[in-house]
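K.L.:
Model the following, please.
(one chain, ligands or ions: 1)
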Amino acid sequence: MLDITPITPDFVAEVRGLDLRQALPASLFAEVEAALNRYAVLVLPGQAVNEAQQLAFARCFGPLEVSLGPSLYNAGRPRRLDDAGLSDISNLDETGDLLGKQDLRRLINLSNQLWHTDSSFKRTPASVSILSAQEVVREGGETEFADMRAAWDALPPQQQARLEELVAEHDYFHSRALTGFDAISVPDEWKQRMPPVPQKLVRVHPGSGRKSLYLASHIKRLYGLDDAASRALLDELMSFATLPRFVHQHHWHVDDVVIWDNRCTMHRGRPFDESQRRAMRRATVMDSAPTVPENWRAPAASSHTRAAQDA
Ligand SMILES: [Fe+2]
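P.N.:
Modelled structure (predicted):
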(Lines give C-alpha, C1' and ligand atoms only; values in the text may rest on other atoms or scores of the structure.)
Protein backbone atom coordinates (compact mmCIF):
# COMPACT_ATOMS: atom_id res chain seq x y z
CA MET A 1 0.00 0.00 0.00
CA LEU A 2 1.20 3.47 -0.84
CA ASP A 3 1.40 6.10 1.82
CA ILE A 4 -0.36 9.13 0.28
CA THR A 5 -0.42 12.40 2.20
CA PRO A 6 -2.23 15.39 0.66
CA ILE A 7 -0.06 18.53 0.55
CA THR A 8 -3.07 20.48 -0.71
CA PRO A 9 -6.62 19.07 -0.45
CA ASP A 10 -7.16 18.35 -4.15
CA PHE A 11 -4.04 19.08 -6.15
CA VAL A 12 -0.69 17.93 -4.74
CA ALA A 13 0.12 14.85 -2.65
CA GLU A 14 3.27 13.34 -1.19
CA VAL A 15 3.75 9.66 -1.94
CA ARG A 16 5.91 7.26 0.07
CA GLY A 17 6.04 3.50 0.37
CA LEU A 18 7.64 2.63 -2.97
CA ASP A 19 11.14 2.36 -4.39
CA LEU A 20 11.47 3.56 -7.98
CA ARG A 21 14.87 1.85 -8.29
CA GLN A 22 12.99 -1.44 -8.55
CA ALA A 23 10.32 -2.64 -10.96
CA LEU A 24 6.90 -1.71 -9.57
CA PRO A 25 4.29 -4.43 -9.13
CA ALA A 26 1.24 -3.67 -11.29
CA SER A 27 -0.93 -3.17 -8.20
CA LEU A 28 1.41 -0.53 -6.80
CA PHE A 29 1.65 1.28 -10.13
CA ALA A 30 -2.18 1.28 -10.31
CA GLU A 31 -2.17 3.09 -6.96
CA VAL A 32 0.28 5.69 -8.29
CA GLU A 33 -1.89 6.21 -11.36
CA ALA A 34 -5.05 6.53 -9.28
CA ALA A 35 -3.34 9.09 -7.03
CA LEU A 36 -2.20 11.07 -10.08
CA ASN A 37 -5.76 11.05 -11.43
CA ARG A 38 -7.11 12.16 -8.06
CA TYR A 39 -4.51 14.89 -7.49
CA ALA A 40 -2.44 15.97 -10.52
CA VAL A 41 0.97 16.46 -8.96
CA LEU A 42 2.74 13.83 -6.86
CA VAL A 43 5.91 14.45 -4.84
CA LEU A 44 8.03 11.36 -4.12
CA PRO A 45 10.92 12.22 -1.77
CA GLY A 46 14.06 10.10 -1.39
CA GLN A 47 14.08 8.43 -4.83
CA ALA A 48 17.72 8.23 -5.91
CA VAL A 49 16.96 6.91 -9.38
CA ASN A 50 19.53 6.58 -12.13
CA GLU A 51 18.63 7.33 -15.76
CA ALA A 52 17.53 3.78 -16.60
CA GLN A 53 15.39 3.47 -13.46
CA GLN A 54 13.68 6.79 -14.10
CA LEU A 55 12.93 5.80 -17.71
CA ALA A 56 11.65 2.36 -16.69
CA PHE A 57 9.23 3.94 -14.24
CA ALA A 58 8.09 6.51 -16.83
CA ARG A 59 7.39 3.75 -19.38
CA CYS A 60 4.75 2.34 -17.01
CA PHE A 61 2.60 5.33 -18.07
CA GLY A 62 3.05 4.74 -21.83
CA PRO A 63 5.48 5.36 -24.69
CA LEU A 64 8.01 8.12 -24.05
CA GLU A 65 8.89 11.23 -26.01
CA VAL A 66 12.36 11.80 -27.35
CA SER A 67 13.85 14.97 -25.90
CA LEU A 68 14.11 17.96 -28.24
CA GLY A 69 17.72 18.67 -27.24
CA PRO A 70 19.35 15.60 -28.78
CA SER A 71 16.81 15.35 -31.59
CA LEU A 72 16.75 19.01 -32.70
CA TYR A 73 18.74 21.95 -31.40
CA ASN A 74 21.62 20.00 -29.94
CA ALA A 75 21.61 17.12 -32.41
CA GLY A 76 24.91 15.33 -32.88
CA ARG A 77 26.62 17.10 -29.98
CA PRO A 78 27.81 15.46 -26.77
CA ARG A 79 25.28 15.50 -23.94
CA ARG A 80 25.49 15.46 -20.18
CA LEU A 81 22.84 12.74 -20.03
CA ASP A 82 23.30 9.35 -21.65
CA ASP A 83 19.76 8.62 -22.79
CA ALA A 84 18.02 10.71 -25.49
CA GLY A 85 14.72 9.88 -23.80
CA LEU A 86 15.57 12.27 -20.98
CA SER A 87 15.40 16.06 -21.12
CA ASP A 88 18.30 17.81 -19.43
CA ILE A 89 16.83 20.32 -16.99
CA SER A 90 20.13 21.63 -15.69
CA ASN A 91 22.47 24.56 -16.05
CA LEU A 92 25.39 22.25 -16.85
CA ASP A 93 27.20 21.33 -20.06
CA GLU A 94 28.30 17.87 -21.17
CA THR A 95 31.40 18.02 -18.99
CA GLY A 96 29.41 19.04 -15.93
CA ASP A 97 30.54 22.69 -15.96
CA LEU A 98 28.10 25.60 -15.74
CA LEU A 99 26.62 26.68 -19.09
CA GLY A 100 27.77 30.04 -20.42
CA LYS A 101 25.31 32.95 -20.52
CA GLN A 102 24.98 32.74 -24.30
CA ASP A 103 24.87 28.96 -24.55
CA LEU A 104 21.97 27.88 -26.75
CA ARG A 105 20.88 25.28 -24.20
CA ARG A 106 20.60 27.93 -21.49
CA LEU A 107 18.66 30.30 -23.75
CA ILE A 108 16.24 27.58 -24.77
CA ASN A 109 15.71 26.42 -21.18
CA LEU A 110 14.89 29.97 -20.06
CA SER A 111 11.36 29.65 -21.39
CA ASN A 112 10.76 26.93 -18.78
CA GLN A 113 10.28 29.93 -16.49
CA LEU A 114 7.08 30.85 -18.34
CA TRP A 115 3.84 29.10 -17.42
CA HIS A 116 3.45 26.12 -19.73
CA THR A 117 2.47 22.52 -20.12
CA ASP A 118 5.09 20.18 -21.57
CA SER A 119 5.17 19.58 -25.32
CA SER A 120 1.85 21.21 -26.12
CA PHE A 121 3.70 22.43 -29.24
CA LYS A 122 3.65 18.84 -30.52
CA ARG A 123 0.63 17.51 -32.43
CA THR A 124 0.35 14.72 -29.86
CA PRO A 125 1.44 16.45 -26.67
CA ALA A 126 2.82 15.06 -23.40
CA SER A 127 0.65 13.36 -20.84
CA VAL A 128 2.82 12.77 -17.78
CA SER A 129 6.20 14.26 -16.86
CA ILE A 130 8.57 12.78 -14.29
CA LEU A 131 11.29 15.12 -13.04
CA SER A 132 14.08 14.00 -10.73
CA ALA A 133 16.54 16.19 -8.85
CA GLN A 134 20.24 15.35 -8.53
CA GLU A 135 21.61 18.78 -7.54
CA VAL A 136 19.51 21.63 -6.17
CA VAL A 137 20.08 25.27 -5.32
CA ARG A 138 19.62 26.54 -1.79
CA GLU A 139 17.32 29.39 -2.78
CA GLY A 140 15.00 29.82 -5.75
CA GLY A 141 14.66 27.29 -8.54
CA GLU A 142 11.32 26.10 -7.24
CA THR A 143 8.74 24.65 -9.60
CA GLU A 144 5.26 26.11 -9.42
CA PHE A 145 2.20 24.15 -10.51
CA ALA A 146 -1.23 25.54 -11.41
CA ASP A 147 -4.38 23.42 -11.26
CA MET A 148 -6.20 23.86 -14.58
CA ARG A 149 -9.18 21.73 -13.42
CA ALA A 150 -9.78 24.04 -10.47
CA ALA A 151 -9.39 27.08 -12.73
CA TRP A 152 -11.94 25.63 -15.14
CA ASP A 153 -14.37 24.79 -12.32
CA ALA A 154 -14.16 28.39 -11.08
CA LEU A 155 -15.17 29.97 -14.41
CA PRO A 156 -18.77 31.13 -14.91
CA PRO A 157 -20.84 28.63 -16.96
CA GLN A 158 -21.43 31.18 -19.73
CA GLN A 159 -17.72 31.65 -20.25
CA GLN A 160 -17.08 27.91 -20.03
CA ALA A 161 -19.52 27.34 -22.89
CA ARG A 162 -17.70 29.87 -25.11
CA LEU A 163 -14.24 28.54 -24.33
CA GLU A 164 -15.16 24.95 -25.06
CA GLU A 165 -15.47 25.70 -28.76
CA LEU A 166 -12.02 27.24 -29.10
CA VAL A 167 -8.81 25.80 -30.47
CA ALA A 168 -5.41 27.38 -29.84
CA GLU A 169 -2.30 27.51 -31.98
CA HIS A 170 0.73 26.34 -29.98
CA ASP A 171 4.12 27.28 -31.35
CA TYR A 172 7.45 26.21 -29.86
CA PHE A 173 9.20 29.27 -31.24
CA HIS A 174 6.60 31.64 -29.84
CA SER A 175 7.47 30.85 -26.22
CA ARG A 176 11.21 30.92 -27.02
CA ALA A 177 10.84 34.39 -28.52
CA LEU A 178 9.12 35.60 -25.33
CA THR A 179 12.32 34.95 -23.37
CA GLY A 180 14.57 36.73 -25.82
CA PHE A 181 15.63 33.77 -27.95
CA ASP A 182 16.12 34.77 -31.59
CA ALA A 183 13.33 32.59 -32.94
CA ILE A 184 13.25 34.30 -36.33
CA SER A 185 16.69 33.25 -37.47
CA VAL A 186 16.50 29.62 -36.40
CA PRO A 187 17.34 27.14 -39.18
CA ASP A 188 14.49 26.30 -41.55
CA GLU A 189 14.88 22.66 -40.65
CA TRP A 190 13.93 23.41 -37.05
CA LYS A 191 10.83 25.30 -38.17
CA GLN A 192 9.82 22.45 -40.48
CA ARG A 193 10.32 19.93 -37.70
CA MET A 194 8.35 22.03 -35.20
CA PRO A 195 5.44 23.68 -37.06
CA PRO A 196 2.65 25.36 -35.05
CA VAL A 197 -0.03 22.87 -34.00
CA PRO A 198 -3.68 23.15 -32.93
CA GLN A 199 -4.79 22.11 -29.43
CA LYS A 200 -8.16 22.27 -27.78
CA LEU A 201 -8.46 25.07 -25.23
CA VAL A 202 -10.56 22.87 -22.96
CA ARG A 203 -9.86 19.20 -22.40
CA VAL A 204 -11.52 16.34 -20.59
CA HIS A 205 -9.04 14.49 -18.43
CA PRO A 206 -9.41 10.80 -19.23
CA GLY A 207 -8.44 9.48 -15.79
CA SER A 208 -10.81 11.66 -13.80
CA GLY A 209 -13.47 12.82 -16.28
CA ARG A 210 -12.81 16.39 -15.12
CA LYS A 211 -12.65 19.26 -17.57
CA SER A 212 -9.64 21.52 -17.56
CA LEU A 213 -8.19 24.52 -19.33
CA TYR A 214 -5.30 23.64 -21.62
CA LEU A 215 -3.15 26.75 -21.52
CA ALA A 216 0.53 27.45 -22.10
CA SER A 217 2.88 30.27 -23.03
CA HIS A 218 3.38 28.30 -26.22
CA ILE A 219 -0.02 29.59 -27.41
CA LYS A 220 0.41 32.16 -30.14
CA ARG A 221 -3.26 32.77 -30.86
CA LEU A 222 -6.77 31.38 -30.72
CA TYR A 223 -8.10 30.29 -34.10
CA GLY A 224 -11.15 32.16 -35.34
CA LEU A 225 -10.42 35.32 -33.31
CA ASP A 226 -8.70 38.44 -34.56
CA ASP A 227 -5.31 39.16 -33.01
CA ALA A 228 -6.52 41.71 -30.43
CA ALA A 229 -9.40 39.57 -29.20
CA SER A 230 -7.21 36.50 -29.11
CA ARG A 231 -4.44 38.18 -27.10
CA ALA A 232 -6.89 39.78 -24.67
CA LEU A 233 -8.67 36.51 -23.96
CA LEU A 234 -5.42 34.56 -23.59
CA ASP A 235 -3.97 37.13 -21.19
CA GLU A 236 -7.17 37.13 -19.15
CA LEU A 237 -7.27 33.35 -18.93
CA MET A 238 -3.58 33.06 -18.10
CA SER A 239 -3.89 35.63 -15.30
CA PHE A 240 -6.97 33.94 -13.90
CA ALA A 241 -5.65 30.37 -14.08
CA THR A 242 -2.46 31.29 -12.23
CA LEU A 243 -4.07 33.11 -9.32
CA PRO A 244 -2.42 32.05 -6.04
CA ARG A 245 -5.42 29.95 -5.05
CA PHE A 246 -4.73 27.59 -7.98
CA VAL A 247 -0.94 27.46 -7.51
CA HIS A 248 1.38 25.30 -5.43
CA GLN A 249 5.12 25.83 -5.18
CA HIS A 250 7.48 22.88 -4.81
CA HIS A 251 10.85 23.53 -3.16
CA TRP A 252 13.30 20.91 -4.39
CA HIS A 253 15.45 18.55 -2.34
CA VAL A 254 18.05 16.13 -3.72
CA ASP A 255 16.44 12.82 -4.82
CA ASP A 256 12.95 14.29 -5.09
CA VAL A 257 10.92 12.87 -7.94
CA VAL A 258 7.90 14.92 -8.94
CA ILE A 259 5.24 13.58 -11.31
CA TRP A 260 2.66 15.81 -12.93
CA ASP A 261 -0.11 15.44 -15.45
CA ASN A 262 0.35 17.93 -18.30
CA ARG A 263 -3.23 17.45 -19.47
CA CYS A 264 -4.64 19.33 -16.50
CA THR A 265 -1.82 21.44 -15.05
CA MET A 266 0.62 24.19 -15.96
CA HIS A 267 4.02 24.67 -14.38
CA ARG A 268 6.98 27.02 -14.43
CA GLY A 269 10.48 27.04 -12.99
CA ARG A 270 11.43 29.94 -10.76
CA PRO A 271 14.66 31.89 -11.25
CA PHE A 272 17.76 31.09 -9.23
CA ASP A 273 21.38 32.17 -8.85
CA GLU A 274 22.93 30.71 -11.99
CA SER A 275 26.38 30.59 -10.43
CA GLN A 276 24.99 27.66 -8.42
CA ARG A 277 24.73 24.20 -9.94
CA ARG A 278 21.30 22.73 -10.55
CA ALA A 279 20.86 19.30 -12.12
CA MET A 280 17.58 17.63 -12.94
CA ARG A 281 16.32 15.33 -15.66
CA ARG A 282 12.87 14.74 -17.02
CA ALA A 283 11.21 11.74 -18.61
CA THR A 284 8.13 12.64 -20.61
CA VAL A 285 5.27 10.37 -21.60
CA MET A 286 3.46 10.90 -24.91
CA ASP A 287 -0.29 11.27 -24.81
CA SER A 288 -2.32 8.66 -26.68
CA ALA A 289 -3.71 10.98 -29.41
CA PRO A 290 -3.85 14.61 -30.62
CA THR A 291 -6.40 16.83 -28.86
CA VAL A 292 -8.02 17.80 -32.19
CA PRO A 293 -8.62 15.36 -35.06
CA GLU A 294 -6.13 15.17 -37.93
CA ASN A 295 -8.79 16.40 -40.37
CA TRP A 296 -9.52 19.55 -38.31
CA ARG A 297 -9.40 22.80 -40.31
CA ALA A 298 -8.85 26.26 -38.80
CA PRO A 299 -11.93 28.54 -38.89
CA ALA A 300 -11.68 31.93 -40.60
CA ALA A 301 -10.39 34.76 -38.36
CA SER A 302 -12.97 36.72 -36.38
CA SER A 303 -15.70 34.05 -36.52
CA HIS A 304 -15.46 33.95 -32.71
CA THR A 305 -14.73 37.64 -32.20
CA ARG A 306 -18.13 38.41 -30.83
CA ALA A 307 -17.88 35.58 -28.32
CA ALA A 308 -14.46 36.79 -27.22
CA GLN A 309 -15.68 40.34 -26.72
CA ASP A 310 -18.55 39.08 -24.64
CA ALA A 311 -16.37 36.80 -22.53
FE1 LIG B 1 8.18 22.05 -18.42
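K.L.:
ranges for the helices of the stretch 1-150 of the chain?
P.N.:
26-38, 51-59, 68, 104-109, 148-153 (DSSP state H, counting those that start in this stretch).
K.L.:
Pull out the buried residues from the last one.
P.N.:
By neighbour count with 16 or more other C-beta atoms under 10 Å, helix 148-153 contains the buried residues 148, 149, 150, 151, 152. (C-beta placed from N, C-alpha, C; glycine too.)
K.L.:
try the fourth one
P.N.:
Using 16+ other C-beta under 10 Å as the test for burial, helix 104-109 gives 105, 106, 107, 108, 109.
K.L.:
same deal with the first one?
P.N.:
Applying a neighbour-count criterion of 16+ other C-beta under 10 Å, the buried positions in helix 26-38 are 28, 31, 32, 35, 36, 37.
K.L.:
again, but for stretch 45-58
P.N.:
Neighbour counts over stretch 45-58 (16+ other C-beta under 10 Å) mark 47, 49, 53, 54, 55, 56, 57, 58 as buried.
K.L.:
Model confidence score at the nearest residue in space to residue 256 that is not next to it in sequence, please.
P.N.:
Spatially, and ignoring its direct neighbours in sequence, residue 256 is nearest to residue 133 (4.7 Å; C-beta to C-beta, 6 or more residues apart in numbering). Looking at residue 133, its pLDDT reads 98.
K.L.:
same check, this time on residue 28
P.N.:
For residue 28, the predicted pLDDT is 96.
K.L.:
distance of it from residue 206?
P.N.:
Distance of residue 28 to residue 206, computed by C-beta to C-beta, to the nearest Å: 21 Å.
K.L.:
just residue 4 next, same as before
P.N.:
21 Å.
K.L.:
more crowded one of the two?
P.N.:
In this view residue 4 and residue 206 are compared by other C-beta atoms under 10 Å, and residue 4 has more residues nearby, 17 against 12.
K.L.:
correct me, but the more buried one touches residue 14?
P.N.:
Yes - look at residue 4 against residue 14 with C-beta atoms under 8 Å: they come within range, at 7.4 Å.
K.L.:
would you list the buried residues of helix 26-38 in TSV and tack on distance to residue 64?
P.N.:
As requested, the buried residues of helix 26-38 are exported to TSV (distance: C-beta to C-beta, whole Å):
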residue	distance to residue 64
28	20
31	21
32	16
35	21
36	16
37	20
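K.L.:
Surely residue 179 is in contact with residue 109?
P.N.:
No - look at residue 179 against residue 109 with C-beta under 8 Å: they stay out of range, at 9.2 Å.
K.L.:
picking that back up, could you dump the helices of the stretch 1-150 of the chain into a markdown table and include distance to residue 227?
P.N.:
Converted to a markdown table, these look like this (distance: least, C-beta to C-beta, whole Å):
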| stretch | distance to residue 227 |
| --- | --- |
| helix 26-38 | 37 |
| helix 51-59 | 38 |
| helix 68 | 28 |
| helix 104-109 | 26 |
| helix 148-153 | 24 |
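K.L.:
Confidence-wise, which of those helices is weakest overall?
P.N.:
Looking at those, the lowest mean pLDDT belongs to helix 68 (a mean of 75).
K.L.:
Check the offset of that helix from the chain's centre.
P.N.:
Helix 68 sits 14 Å away from the centroid of its parent chain (C-alpha atoms, centre = their mean, to the nearest Å).
K.L.:
Mind giving me the packing neighbours of it?
P.N.:
Of the remaining helices and strands, none touches helix 68 by 3 or more C-beta pairs under 8 Å, 6 or more residues apart in numbering; DSSP states H and E.
K.L.:
Can you report how many residues neighbour the residue nearest to residue 256?
P.N.:
The number of residues packed around residue 133, counting by other C-beta under 10 Å, is 23.
K.L.:
Next, the contact list for it, please.
P.N.:
The contact partners of residue 133, by C-beta atoms under 8 Å, 6 or more residues apart in numbering, come to 252, 253, 254, 255, 256, 257, 279, 280.
K.L.:
Going through those residues, which ones are buried?
P.N.:
Buried members of these, counted by 16+ other C-beta under 10 Å: 252, 256, 257, 279, 280.
K.L.:
so residue 288 touches residue 125, yeah?
P.N.:
No - using C-beta under 8 Å, residue 288 is not in contact with residue 125, being 10.6 Å away.
K.L.:
These two: which has the busier surroundings?
P.N.:
Each of residue 288 and residue 125 has its neighbours counted (other C-beta under 10 Å); residue 125 has more, 26 against 10.
K.L.:
which residues touch the residue nearest to the more buried one when sequence neighbours are not counted?
P.N.:
With sequence-adjacent residues excluded and distances taken as C-beta to C-beta, 6+ apart, residue 125 is closest to residue 119, at 4.8 Å. Residue 119 makes contact with 65, 125, 126, 262, 284, according to C-beta under 8 Å, 6+ apart.
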